[in-house]
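1. Build me a model:
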Amino acid sequence: MLPEVASWSRRRTSRAEDWPPHSLSAAKGAARISVVLPARDEEATVGAIVAAIRTDLVERIPLVDEIVVVDSRSRDRTAAVAAAAGAKVVAQDAVLPGQGRMSGKGEALWKSLAATTGDLIVFVDADLRGFTSSYVTGLLGPLLADPSVGYVKGCYDRPLIDGDRRAEGGGGRVTELVARPLINLHWPLLAGVVQPLGGEYAGRRALLERLPFVTGYGVELGLLLDVCQDSGLDAIAQVDLGRRVHSHQSTEALGAMSGQIMLTAWSRLERQGRMIPLGAPATALTQFRRVPDGHDARTSDVAVGERPPMIEVPGYASARTLSPGRG
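-> As a prediction, the model looks like this:
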C-alpha cells in the first residue's frame, strides 16, 4: 500500500460506534438529511429497514428529515410495504419524465437527487437483513464532523449465505475478483477503500449533483472514481459498519454485473486520459449453461448508460420541490 494511502486510511477510517446519534443530532444544525433506498422487488426487507430508520432517527432522535424509497418498476408490493412503514415512495419513471426512461440501479440513484431535499444524502440498499440504524448514523458521522469530507463509503464483513450454510468473508465476490484488481492496477490511491462496490454510502448534495451517474451496476465504482477525480482522495472517508447480510445473486448474474463494472472502469480510464483506446469495447457477454445435449450459449448486452450531472438537467430544481410521492 502506498504511504499516502496508509495515511489516508488511518485518518479517514472510523467505526459506526464512533458516531452516537445524540452527538450527530447536535451537530446537524440547519442541514437537511435524506435517506434513499433504491428498491426493486424488495417487499420482504424494505419495510423493516424503513421502520428502523423512522423509529430511531426520526421519532426517537430528530436526525433524518425524509426517508425516500425509489421504486424501480417493482412487480411485488415493495411500494405499498415501504409506504406503510413510513417512507415517501416515488416511482422511478415519474421523476423527471422529460429525461426519458433508462434502467438499472444507477438510474434510481440519479433520479433520487431530484426526488429529495436533503443537503446530505445517505444511500442504503433495500435488500439488507438484520439492518440497524447505525448504518445511517455511521455514514453521516464524518460528513457532520468535518466539512472537508464530501463522500463516505461503508465497509463491513460480508458472509456468503447459501441455505443453511454460511461462509464468513465469502461475500463480495465481484469486489474481490474484478473491482479490487482494477482499482489497484489503475487507481492505486483508492486501494485503501475496503468496499468500493458497497451499496451503503453518503455524500453532500453539492458534490453528488455535479457527478455523472452510470445507470447500471457500475454506479458505485463510477461514483468512487469520479469523486476522487473531482475532489481528491481526502474528500473520501469510510466507516466500518460491522456486518452486512443480504440476498446473493447467481454466478451468471454476477458475470453480467462484472461486465458492467469493467465497462465503467474503461470509460473512466478513457475520460481521465489513462489510456488511448484503439477501438470501442464489445458489450455482448456470452455465458453458458449445461443442457442435456451439451452447453447452451446465451448472450446478453451488458452496456452501461450514463446520466449527466444532475446540476446540468433542466427542471432539476423544480423537480426537487414538486417531487411525486406518497406516504
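2. list the contacts for residue 216?
-> The contact partners of residue 216, taken as Cβ atoms under 8 Å, 6 or more residues apart in numbering, are 103-106, 260, 264, 302, 304-305. (Glycine included, C-beta is placed from N, CA and C.)
3. okay, now the residue nearest to it when sequence neighbours are not counted: neighbour count?
-> Distances taken as Cβ to Cβ, 6 or more residues apart in numbering place residue 104 nearest to residue 216, at 3.9 Å, with adjacent residues excluded. As a burial measure, the neighbour count of residue 104 was computed by other Cβ atoms under 10 Å and equals 21.
4. And residue 104, how close does it get to residue 218?
-> The span separating residue 104 from residue 218 equals 9 Å under the rule Cβ to Cβ, to the nearest Å.
5. what are the ranges of the strands in the stretch 51-200 of the chain?
-> Along the stretch 51-200 of the chain, counting by DSSP state E, counting those that start in this stretch, strands occupy 66-71, 88-91, 120-123, 128-129, 151-157, 160-162, 165-167.
6. possible to save the ones you listed as CSV with distance to residue 242 and mean pLDDT?
-> Supplementary listing: the strands of the stretch 51-200 of the chain in CSV, determined by distance: least, Cβ to Cβ, whole Å; pLDDT from 0 to 100:
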stretch, distance to residue 242, mean pLDDT
strand 66-71, 21, 98
strand 88-91, 28, 98
strand 120-123, 16, 98
strand 128-129, 12, 92
strand 151-157, 6, 95
strand 160-162, 16, 56
strand 165-167, 16, 54
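7. Could you pull out the helices in the stretch 1-150 of the chain for me?
-> With DSSP state H, counting those that start in this stretch as the definition, the stretch 1-150 of the chain shows helices at residue ranges 3-12, 21-28, 46-54, 78-85, 105-115, 134-145.
8. The third one: how far from the chain's middle?
-> Computed by Cα atoms, centre = their mean, to the nearest Å, the separation of helix 46-54 from the middle of its chain amounts to 18 Å.
9. Other residues contacting it?
-> Helix 46-54 is contacted from outside by 35, 37, 39, 64, 67, 69, 78, 81-82, 84-87, 124, 126, 128, 131-133, 136, using Cβ under 8 Å, 6+ apart.
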